[in-house]
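1. Using only what follows, build the 3D model:
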Amino acid sequence: MKKITVLFFLVSLTTFGQILPERDRATLKDEILADRFNNMLPELMDKTNIDMWVLISREYNEDPVMRTMLPALWLNARRRTMLVFYRNKNTNSIEKLAVARYDVGDNINSAWDKEKQPDQWQRLVELIEERNPNNIGINISEDFAIADGLVHTDYEALKESLPKQLEDKLISAEKLAIAWIETRTEKEMELYNTLVSVTHDIIDEAFSEKVIKPGVTTTDDVVWFLRQKVTDMGLETWFHPTVDVQRSEEALKSHIESFSKAKEKTIILPGDLLHCDFGISYITLNTDCQQHAYVLKEGESEVPQYLQEAFEKGNRLQDILTSNFEEGKTGNEILLASLQQAKSEGLQPSIYTHPLGTYGHSAGPTIGMWDSQGGVPGTGDYPLYENTVYAIELNTTVTIPEWKKDIRIMLEEAGFYGTNGFRYVNGRQKAIKPIKVEK
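-> Here you go, the predicted model:
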């Protein structure tokens, strides 16, 4: 499929508000995957100095990285699946091989004839010996779960099968695995823009008079509207959504209560400040979004100015955080610089931004956790690279004299960091959504 075809799919989705049918999704997914294998992977292997990358998984216990490499018609690995990627810089080529009985889609060719070599492990050794790489990357990692997909049984079997001179070449492919997971291509970003737009549209509908009837509708009703809407559109959620309420007569909840996914069902009333946390999965990507709405009281025609001013402080914290994005800075460095700047401006910030893309909570630099505002060892020490996407997730506590209490403005939007710096994938919320009360 040429790029113009991909764009046609995306224009069709945007224009008609329709998600692609399954067959077209499969086509697009495989084209995106081919682009990643043929154009992106060689660059990543050179960047991380990995000559050969070996991934091994068994059905229903897949390496998280391998799962992202399976073609559209493969929903799982089969039996024991072994993938071998060999980068030959001298010929500027990359081999994509499967030590399996059959090709893994159109991109990875079978390199095992069981009738000639009955032992799958020995065939893997033969392929390695024929290419004699300087090193062999395997997915083992102390800090990044997604890059730690080689299970103990397969690791031990691999070491037992390899002769000593090849076993000595085994190294962690952590950096390559993270790079594969976090790096986005142009084709993916074209799709991402539409996916975030769809996410915003669903939230707009959920936070509207169509769904919310004050005094009747509960927060749980809105949650299940979101789930059902996603299902009806042929999409999936990668986590159960939440909807919660802040109101004038109730004290601000603690962080641990606010971040609990088991929200108490609450009847929505006029004067409530609503908040949602919602994300969807589509083809190769995920979204993660938090926005606010306000239920207008009788006589109100717009969101009270004091709430809108509070919301603007949330936008300001976003600006501070993203202004500190710079390639090579670690997540911890970005976090601490942003918190210091925000506090110097009188804000009460909390930042807990995470990589977003192939997985919702993806691999890459962690920029704070809600309960680790001094930095996150390991994942927070990983640097920021270009062509990566993040859930710009944070909150700021604001004192509201009119309510005689503090509120928390909690925001989350997909943001892309590339050669031209930072941008939101498809905009961000800049004002609280008003919900009118129907008489």
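2. which element is residue 350 on?
-> Assigned by DSSP states H and E, residue 350 belongs to strand 349-351.
3. other SSEs contacting that strand?
-> On a contact count with 3 or more CB pairs under 8 Å, 6 or more residues apart in numbering; DSSP states H and E, strand 349-351 meets helix 305-323, helix 331-344, strand 388-400. Yep, even glycine has a C-beta here, placed from its N, CA and C like the rest.
4. can you rerun that using 6 Å?
-> If you count contacts as 3 or more CB pairs under 6 Å, 6 or more residues apart in numbering; DSSP states H and E, strand 349-351 packs onto helix 331-344, strand 388-400.
5. Tell me the strands beside that strand, with direction?
-> strand 388-400 (antiparallel) (DSSP bridges).
6. Could you list the alpha-carbon positions for the partner strand in CSV?
-> Taking Å, rounded to 0.1, in the frame of the first residue of the first chain, the C-alpha atoms of strand 388-400 are listed here in CSV:
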residue,chain,number,x,y,z
THR,A,388,8.3,9.5,20.6
VAL,A,389,4.9,10.0,22.1
TYR,A,390,3.9,10.7,25.7
ALA,A,391,0.8,11.0,27.8
ILE,A,392,1.3,14.5,29.2
GLU,A,393,-0.2,13.5,32.6
LEU,A,394,-0.2,15.8,35.6
ASN,A,395,-2.2,17.8,38.0
THR,A,396,-2.1,21.1,40.0
THR,A,397,-3.9,21.8,43.2
VAL,A,398,-5.7,25.2,43.3
THR,A,399,-7.4,26.9,46.2
ILE,A,400,-10.9,28.0,45.3
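7. how close does the residue nearest to residue 335 when sequence neighbours are not counted sit to residue 359?
-> Spatially, and ignoring its direct neighbours in sequence, residue 335 is nearest to residue 368 (4.3 Å; CB to CB, 6 or more residues apart in numbering). In this view, residue 368 and residue 359 are 18 Å apart by CB to CB, to the nearest Å.
8. do residue 91 as well
-> Applying CB to CB to residue 91 and residue 359 gives a distance of 33 Å.
9. What of residue 194?
-> 19 Å.
10. rewinding a little: the more surrounded of residue 91 and residue 359?
-> Looking at residue 91 and residue 359 with other CB atoms under 10 Å, you find the greater number of neighbours at residue 359, namely 20 against 7.
11. ok, that one - contacts?
-> For residue 359, the contact set (CB atoms under 6 Å, 6 or more residues apart in numbering) is empty.
12. can you give me the strands for the stretch 1-150 of the chain?
-> For the stretch 1-150 of the chain, the strands defined by DSSP state E, counting those that start in this stretch occupy 52-58, 80-88, 93-98, 109-110, 136-138.
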